[in-house]
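Novice: Please find the sequence and the predicted model below.
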2 protein chains.
Amino acid sequence: MPKPKITSLDVAAKAGVSQSAVSRVFSGASASKSTVKKVREAADQLGYRPNVLARSLITGQSKIIGLVVAYLDNQFYPDALERLSNALQEKGYHILIFMASGQSTDVERVVGELLDYQVDGIITASVGMSDELTKRCEAAGIPVVLFNRGQDDPRLSQVTSDNRAGARKIADFLIAAGHERIAHISGWSGSSTGRERQAGFIDALAAHEMEPVAIADGKFKRDVAAEAALDMVMTAKPDAIFVGNDHMAFAVIDALRHTAGLTVPNDISIIGYDDVPMAAWPSYDLTTMRQPSGQMVEATVDTLLAQIADRSVAPQKTAIDGPLIVRGSSRKPKDM
Amino acid sequence: MPKPKITSLDVAAKAGVSQSAVSRVFSGASASKSTVKKVREAADQLGYRPNVLARSLITGQSKIIGLVVAYLDNQFYPDALERLSNALQEKGYHILIFMASGQSTDVERVVGELLDYQVDGIITASVGMSDELTKRCEAAGIPVVLFNRGQDDPRLSQVTSDNRAGARKIADFLIAAGHERIAHISGWSGSSTGRERQAGFIDALAAHEMEPVAIADGKFKRDVAAEAALDMVMTAKPDAIFVGNDHMAFAVIDALRHTAGLTVPNDISIIGYDDVPMAAWPSYDLTTMRQPSGQMVEATVDTLLAQIADRSVAPQKTAIDGPLIVRGSSRKPKDM
DNA sequence: CTGAAAGCGCTAACAT
DNA sequence: ATGTTAGCGCTTTCAG
């Protein structure tokens, strides 16, 4: 026996009511106690559950949120994905996932497919939206929230941490600890996140009449960052490096310890950004700026659902501040 | 302006053909060159794309695969998720993701929701299926593949590594390296993966007339495993521990080094299972059994799609063998 | 409060 | 090869 699909019609027959009565019961419209009871019983016996897809055809609500994500090897994203999924599940939505290599042509294709599924909203984790794409989503009336990525387009919502402020805190902390040769391995300079952190960092150093002894673009990649770090310690000889995110910072620490033979923090302080769970592991014990992913997810979901509920709600740009988590990968300021 | 939805009817009007002609063009049925051209042009200008959900209503194919996953903090799963998503994307499918805490009541709820979305197939990553659930999926004609989890039900497909053989290799390797006090921190004993690895390991030791000096259930949790390890080194004093997966092994190494003050592998050898990317990082440099996740994903997708294409295809149980990756967390056998 | 009827956007016979 | 017609399973007027 193939697929004996149970429809609302079957339930109606069994319950001795009309098909629309069944629909009403399951979509929470008005119905008398007795009808509800009869329908529920019949449905339970038959194992009936409404077809979300058929429903979406008429309500225009698929209860599907499209998530576009580029990397899953940076622990920040699986963690966020898990939280997002849970938060949305609670609100009756589910996540349709799309991997995009991060290249814009790829994002293009992916968002196209997303629209085919009539998603109610789109979250992009660390990937940008072309103007063309933004236009299409707007035309389709589908709200977009950029998660952990900023973009200067009023049609797009975004949720980030306060990257500039965070980077400034790091600079101040490093200076307070007496570091004098401070370097920076930035996140990908093509991303707002990478650029903002770098800008805030340089600003704060400048306020103390300092500037980085070296800067390199780590591109959010472990190997690139490790390479850059090894290069720096041979040439610029920094006594501290601010690395644009934890994911790269781990690679930097590994390279410095195991290839360059340096100790952290005695020879050199390393500071990251994100505070992924792994940062607390004893092997790294990484000082880092926390991005409060719980709050970021909450803001993302709130923003998105608000716009889904009412298309006239304006896009929101949210920046959430987080604390500097001081651990053992950095020298302590004297007064601590 | 709200949502000016463009339908196949609009395209038909613009192209001067019937609505079904448009449908044929987009579903790849027969159509003349000239019709195809007219339709494509009209569609491009209007920005038309077929509504997958409406299509699914009639074809019975949603092109959605439900993925149920319990943990994302073990790097093995994000990695697999990424591969699965890419592989399925290539075949025109997409992943609707569901987090299940791993508790059976939770899985129950989640699979229910999954069915509401008319998914074409289900993949569960490291979560089991109750009999009740299996029945419902079978009744609905929806194939299920257990990924990295075995279960003794002929209705379920599964893809795992050869856990028994893998664990045996580890035991043999440890013995060859001259270890005499070997302990085991197993994966969760409620999971096939955990049990099989333990069984294979004990078997292989027994073949050499040895037995573990200590065994504990690490439950696939970092803190539980770390605790167990610290306990073992105080009491049973093992000279090697086989830890049921890499995720726990990292915690064990950290605890041993930073809390117990031992060195790895000089004081004690640690071996893991999975070979997640992090195992190769210099800080851990973990000897481990590789689960070939690329091959496992491939098998999973093949199995699932084969069953979707033809419901009469029997469920498959696939176990894929992998190599032992020898790194620095274990003493080397003398002849190496 | 409830049933009958229309139709969401699409595909699949069925004719032509 | 193309248009016409009948639904897929559901929600939502509209009468009653």
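Specialist: Now that the structure is in, tell me what you want to look at.
Novice: Please enumerate the helices of the stretch 101-250 of chain A.
Specialist: Using DSSP state H, counting those that start in this stretch, the helices of the stretch 101-250 of chain A run over A:104-116, A:131-140, A:163-176, A:192-207, A:222-235, A:246-254.
Novice: Nearest to DNA strand D, out of these?
Specialist: Ranking the helices of the stretch 101-250 of chain A by proximity to DNA strand D (CB to the nearest atom of the strand) places helix A:104-116 first, at 16.4 Å. C-betas here are computed from N, CA, C, even on glycine.
Novice: Could you dump the helices of the stretch 101-250 of chain A into CSV with distance to B:Asp162, mean neighbour count and mean pLDDT added?
Specialist: CSV is the format used below for these (distance: least, CB to CB, whole Å; neighbours: other CB atoms under 10 Å in any protein chain shown; pLDDT from 0 to 100):
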stretch, distance to B:Asp162, mean neighbour count, mean pLDDT
helix A:104-116, 35, 18, 87
helix A:131-140, 45, 16, 89
helix A:163-176, 46, 22, 97
helix A:192-207, 42, 20, 97
helix A:222-235, 30, 20, 97
helix A:246-254, 31, 27, 98
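Novice: TSV please, covering those helices and showing distance to A:Gly294.
Specialist: TSV is the format used below for the helices of the stretch 101-250 of chain A (distance: least, CB to CB, whole Å):
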stretch	distance to A:Gly294
helix A:104-116	26
helix A:131-140	27
helix A:163-176	16
helix A:192-207	18
helix A:222-235	26
helix A:246-254	16
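Novice: so which of these gets nearest DNA strand C?
Specialist: Closest of the helices of the stretch 101-250 of chain A to DNA strand C is helix A:104-116, at 8.8 Å (criterion: CB to the nearest atom of the strand).
Novice: tell me what that closest one is packed against?
Specialist: strand A:64-69, strand A:94-99, strand A:121-125, helix A:131-140 (3 or more CB pairs under 8 Å, 6 or more residues apart in numbering or on different chains; DSSP states H and E).
Novice: how about 10 Å then?
Specialist: Where contact means 3 or more CB pairs under 10 Å, 6 or more residues apart in numbering or on different chains; DSSP states H and E, helix A:104-116 is packed against strand A:64-69, strand A:94-99, strand A:121-125, helix A:131-140, helix B:52-59, helix B:76-90, strand B:94-99.
Novice: Mind checking if that helix is in reach of DNA strand C?
Specialist: No: residues of helix A:104-116 are not located near DNA strand C by CB under 7 Å from any atom of the strand, the shortest gap being 8.8 Å.
Novice: Okay, angle between that helix and helix B:76-90 too, please.
Specialist: For helix A:104-116 against helix B:76-90, the angle by axes from the mean of the first three to the mean of the last three CA atoms, to 10 degrees is 80 degrees.
Novice: domain assignment for chain A?
Specialist: Domains of chain A are assigned by automatic domain parsing as A:8-50, A:62-161+A:293-320, A:163-291.
Novice: Which of those sits closest to A:Ser56?
Specialist: Distance to A:Ser56, taken as CB to CB, is lowest for domain A:62-161+A:293-320 among those, at 4.2 Å.
Novice: quick one: is that closest one near DNA strand D?
Specialist: No: counting by CB under 7 Å from any atom of the strand, DNA strand D is not contacted by domain A:62-161+A:293-320; separation bottoms out at 11.0 Å.
Novice: hmm, back to that, looking at the domains of chain A, which is closest to B:Ile270?
Specialist: Among the domains of chain A, the nearest to B:Ile270 by CB to CB is domain A:163-291 (12.9 Å).
Novice: Just put the helices and strands packed on helix A:104-116 in TSV and tack on distance to B:Gly194.
Specialist: TSV is the format used below for the helices and strands packed on helix A:104-116 (distance: least, CB to CB, whole Å):
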stretch	distance to B:Gly194
strand A:64-69	30
strand A:94-99	28
strand A:121-125	32
helix A:131-140	45
helix B:52-59	38
helix B:76-90	14
strand B:94-99	21
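Novice: would you turn the ones you listed into TSV with distance to DNA strand C?
Specialist: Below are the helices and strands packed on helix A:104-116 laid out as TSV (distance: least, CB to the nearest atom of the strand, whole Å):
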stretch	distance to DNA strand C
strand A:64-69	15
strand A:94-99	18
strand A:121-125	18
helix A:131-140	12
helix B:52-59	4
helix B:76-90	19
strand B:94-99	16
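Novice: Of these, which shows the lowest average pLDDT?
Specialist: Mean pLDDT is lowest for helix A:131-140 out of those, coming in at a mean of 89.
Novice: helices and strands around that one, which ones?
Specialist: helix A:104-116, strand A:121-125, strand A:144-147.
Novice: Run the angle between that helix and strand A:64-69 for me.
Specialist: Taking the same axes, to 10 degrees, one finds helix A:131-140 and strand A:64-69 inclined to each other by 170 degrees.
Novice: export the domains of chain A to CSV and tack on distance to B:Val243?
Specialist: Listed next are the domains of chain A as CSV, based on distance: least, CB to CB, whole Å:
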stretch, distance to B:Val243
domain A:8-50, 42
domain A:62-161+A:293-320, 20
domain A:163-291, 15
